[in-house]
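> Have a look; sequence and predicted model below, questions after that.
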Amino acid sequence: QVQLVESGGGLVQAGGSLRLSCAASGRIFNIFAMGWYRQAPGKQRELVAALPSGGSTNYTDSVKGRFTISRDNAKNTLFLQMNSLKPEDTAVYYCNARIRASQGMRIIIDDYWGQGTQVTVSS
């Protein structure tokens, strides 16, 4: 069973930094695109940063120059370094990955989500 587990969220003052991690586990053959999403109260989930397999990173405009997405392929881990945090960055942050993995007797490609980690930025 593939699992994505996020960590690193918390409470920080405006201007501070946090580093989120997302570790993928299970009988994984390949991890293709990975990304971070966030959902603020009363708002739809939005893409924050994406790291396509073999492609260039892309960011939503509001975080460009402040957030950096990266991955450690050897450890199947995705990161999001968040600097110069603002109160409007407050949200639950979710990791998403497209993974080719063994599921019982089958090998399938599917999208997986982590459980989310809360980021709260105080003014």
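Looks like it arrived, so ask away. Just so we're clear, the structure is a prediction, and the values are computed from it rather than from any experiment.

> Now do the same for the closest residue in space to residue 88 that isn't next to it in sequence: helix, strand or coil?
Using CB to CB, 6 or more residues apart in numbering and skipping the chain neighbours, the partner closest in space to residue 88 is residue 62 (7.4 Å). Where C-beta positions appear, they are placed from N, C-alpha and C, glycine not excepted. Under DSSP: H, G, I helix; E, B strand; the rest coil, residue 62 falls in the helix class.

> number of nearby residues for residue 62?
If you count neighbours by other CB atoms under 10 Å, residue 62 ends up with 12.

> distance of it from residue 86?
9 Å (CB to CB, to the nearest Å).

> what sits against the closest residue to residue 17 other than its chain neighbours?
Of all residues not flanking residue 17 in the chain, residue 83 sits nearest, at 4.7 Å (CB to CB, 6+ apart). Applying CB atoms under 8 Å, 6 or more residues apart in numbering to residue 83 gives the contacts 17, 66, 67, 68.

> quick one: contacts for the first one?
In this structure, residue 17 makes contact with 81, 82, 83, 84, 85, judged by CB under 8 Å, 6+ apart.

> Now the buried members of those residues.
Buried by 16 or more other CB atoms under 10 Å: 82, 85, out of those.
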